[in-house]
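S.K.: can't give you the sequence, but here's the structure:
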């Protein structure tokens with residue numbers, strides 16, 4: 001009888017650990033790209049509600065060229081400069097979560113991270129943005145000082161051909177690496 005009670009109690013505690021989370025994010029790491037001349041470029045994911053609750057969100061980190069601006073939609077679109085808010089979520093619903101970069105004719109790369117939290121759950125969502133051909137695209141194609149050993153896609157596969165709007169990792173003969181983005 002005592003053994004059955006211990007098993008029952010353990011099972012209840014185990015099951016409660018699964019229902020303690022009040023929401024999930026479909027993708028926490030988002031890559032988005034565009035041209036420096038674009039008004040903005042953006043990408044979205046979704047928050048899936050597992051309970052009825054109120055969540056809060058805030059931009060907790062960012063790094064990008066000084067000319068750039070950011071904004072987000074969650075699910076309503078907010079103007080540049082709004083960096084926090086709240087949202088009432090309903091169990092079983094999905095909520096649009098979008099990050100925008102405004103490059104203002106400036107090539108570069110950057111990111112911003114949003115923290116979404118309630119009393120039970122905290123998730124971080126990071127958007128990585130690239131405007132233009134950032135990295136060493138022209139240099140490594142023409143510079144013979146640093147010979148290229150391999151070029152990998154983000155799945156770790158060696159590639160022989162570069163495609164537009166893709167990230168690559170370049171490995172040099174001295175085994176140093178750098179990341180590049182091809183968009184031209």
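M.R.: Yep, that arrived. Just so it is clear, the model here is predicted, and its values are computed rather than measured.
S.K.: What is the subsequent helix or strand relative to the helix-or-strand element of the chain with minimal mean pLDDT?
M.R.: Ranked by mean pLDDT, DSSP states H and E, the weakest helix or strand in the chain is helix 137-142, scoring a mean of 50. Using DSSP states H and E, the helix or strand that follows helix 137-142 towards the C-terminus is strand 148-152.
S.K.: tell me which residues in that next one are buried?
M.R.: The neighbour-count check on strand 148-152 (16 or more other CB atoms under 10 Å) flags 151, 152 as buried. (Each C-beta comes from the backbone N, C-alpha and C, glycine too.)
S.K.: and if you look at stretch 49-61?
M.R.: In stretch 49-61, counting by 16+ other CB under 10 Å, buried: 49, 50, 51, 53, 55, 57, 59.
S.K.: Then stretch 89-106?
M.R.: 89, 95, 97, 98, 99, 100, 101, 102, 103, 104.
S.K.: Now do the same contact list for residue 100.
M.R.: By CB atoms under 8 Å, 6 or more residues apart in numbering, the residues touching residue 100 are 40, 41, 42, 70, 71, 72, 73.
S.K.: Buried subset of these as a ChimeraX selection?
M.R.: Command for ChimeraX that selects the buried part of the contacts of residue 100, burial taken from 16+ other CB under 10 Å:
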select :40,41,42,70,71,72
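S.K.: between the contacts of residue 100, which is closest to residue 178?
M.R.: residue 41 (22.5 Å; CB to CB).
S.K.: Let me see the confidence value for the closest one.
M.R.: Predicted confidence (pLDDT) at residue 41: the value is 92.
S.K.: ditto for residue 57
M.R.: For residue 57, pLDDT reads 97.
S.K.: tell me the SS of it?
M.R.: What DSSP: H, G, I helix; E, B strand; the rest coil gives for residue 57 is strand.
S.K.: repeat for residue 81
M.R.: coil.
S.K.: Can you tell me how far it is from residue 116?
M.R.: Using CB to CB, to the nearest Å, residue 81 is found at 19 Å from residue 116.
S.K.: Among these two, which residue is more densely surrounded?
M.R.: residue 116 (22 against 8; other CB atoms under 10 Å).
S.K.: what about that one, helix or strand, and which?
M.R.: Here residue 116 is assigned to strand 108-117, by DSSP H and E.
S.K.: Partner strands of that strand, with direction?
M.R.: strand 53-63 (antiparallel), strand 122-131 (antiparallel) (DSSP bridges).
S.K.: hey, least reliable of these by pLDDT?
M.R.: strand 122-131 (a mean of 92).
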